[in-house]
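J.: please find the sequence and the predicted model below.
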Amino acid sequence: MNYYPFSEGKDRIKKRATGPLFFKKNSPLLLFYLWHMNRYFNVSNPLFSLGFFVLILFSCEANTDDDLASSSEPIIPTNLTLDISIVGADSTNPYGDGTGVINIVANAENAIRYEFRFGNGVVVTNTTGIVQHTYTKKELHTYTVSVSAYSKNNRSVSTSEQIEILVERQPFNNLVFYDEFDVDGSPDDSKWGYNVGIGNNGWGNGEKQYYTNRPENVRVEDGLLKITAKKENYGNSAYTSARLLTEGKFDFTYGKVEVRAKLPYGEGTWPAIWMLGSNISTVSWPACGEIDIMEHWGHNQGIVQSALHTPSSFGDTRNHGSQNIEDVSTAFHVYAVEWDSEEIIFSVDGEVHYTYNPANKNNETWPFNKDQFLILNVAMGGSWFSIDPNFESSTMEVDYVRIYQ
């Protein structure tokens, strides 16, 4: 039998003490080993021997379970299954009902958690193997959905499946705000307030009118809201008109706005149906975002335009679209916007003329994830166009305002 110096002997004891079979509690091998070590150190003091035995015994007992676990075979999940169902999918609609929703069930033996990837950058981890996901990118797209199942010692197996799914804009059909203008007199003050005065630098555009809340400029009559621009000296201005807004009374995030209106006539008139971010008083313009549902200039009679103003493009914005409507001042048309988290769509009588959907949505390009309020007004003149000197008065008539979500 070989013997080692004391220090080397301690290392040898440590190495040999890690064997799970050797140090099985109360085994004959353990007892023999302890007796052998007592002889090796030639310790005659019985108390020392007893302490030595107890120390070794408890060390072995404490490490037995961990050592057994570490020496066992790794646990790997098996029989992984992945079941994906597209909501609304059938023989008629194989790509779903347009909601973009899928339901997933994954299962594997020896798995304690699952990691799902949906092919659009989203990752979800859970312990149930059951998850629902909603895609938001419009139209028909293909995605690879994958799942990894993990065991308690972090071993994993994976599988994937490719799906095609259709996402359509869900209809805004819940009426949340409306005014049918059925009661003659002043507009409903629970819904509408006013901007009064000339604003700063002609409301920022060099406009020439003084806004009032007088019945000469704004009233409800014969089932119509009438906003009239007039040539008259008032408050050091040569023209008067009105500007109504829902600020502080109603604002919203995402929905559909419909305004059925007939526009004023005359060079210099500038009617508008538009919205501003409700946070304008704290972040200012254009950080609040502006959505121009309809703008019309009397010097360009047959054209109506829609536009957006953002920190990335404002004033002479590049984000706009228009269409020709020759009878804007003699017939009513429905001016509308549909606005959700992905895009803003402008139309007249259901005919779309502009869609805004920037690839990168951030504070510079997309301040449209917060509440906005509605504005109706008729301005007169601006810093870049003049007013017909023979203009006397003209009216924008509004049949209804309806907002859906």
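T.: It's in.
J.: what pairs with residue 178 across the strands?
T.: residue 402 (DSSP bridges).
J.: quick check: which ranges of this structure have low pLDDT?
T.: Applying pLDDT under 70 to the chain flags residues 1-72.
J.: got the domain ranges for it?
T.: Structural domains assigned to the chain are 6-71, 78-167, 175-404, following automatic domain parsing.
J.: check these for me and report the most buried one.
T.: Comparing the domains of the chain by mean neighbour count (mean count of other Cβ atoms under 10 Å), domain 175-404 comes out on top with a mean of 18. For every residue, glycine as well, the C-beta is placed using N, CA and C.
J.: quick one: that domain to chain centroid distance?
T.: 26 Å (Cα atoms, centre = their mean, to the nearest Å).
J.: measure it end to end?
T.: One end of domain 175-404 sits 4 Å from the other (Cα to Cα, to the nearest Å).
J.: do stretch 153-173 as well
T.: 51 Å.
J.: looks to me like residue 299 is in a helix.
T.: Yes: checked against DSSP: H, G, I helix; E, B strand; the rest coil, residue 299 lies within a helix.
J.: find the nearest non-adjacent residue to it, please.
T.: Among residues not flanking residue 299 along the chain, residue 267 sits closest, at 4.7 Å (Cβ to Cβ, 6 or more residues apart in numbering).
J.: got phi/psi on that neighbour?
T.: The phi and psi values for residue 267, taken as degrees, to the nearest 10, are phi -60, psi 130.
J.: what of residue 220?
T.: The phi/psi pair for residue 220 (degrees, to the nearest 10) reads phi -110, psi 130.
J.: is the nearest residue to it once chain neighbours are set aside in a helix, a strand, or coil?
T.: Nearest-residue entry for residue 220: residue 181, 4.9 Å, with adjacent residues in sequence omitted and distances by Cβ to Cβ, 6+ apart. At residue 181 the chain is in coil, as set by three-state DSSP.
J.: can you check residue 273 too?
T.: Secondary structure, three-state DSSP: residue 273 is strand.
J.: quick one: the strands in the stretch 101-250 of the chain, in order.
T.: In the stretch 101-250 of the chain, the strands defined using DSSP state E, counting those that start in this stretch lie at 101-109, 113-117, 123-126, 130-134, 139-150, 156-167, 175-179, 193-194, 209-211, 218-221, 224-234, 237-241, 243-245.
J.: ok, which of those comes nearest residue 260?
T.: strand 224-234 (9.8 Å; Cβ to Cβ).
J.: so what are the sheet partners of that closest one and their directions?
T.: strand 218-221 (antiparallel), strand 237-241 (antiparallel), strand 393-404 (antiparallel).
J.: no further queries at this time; thank you.
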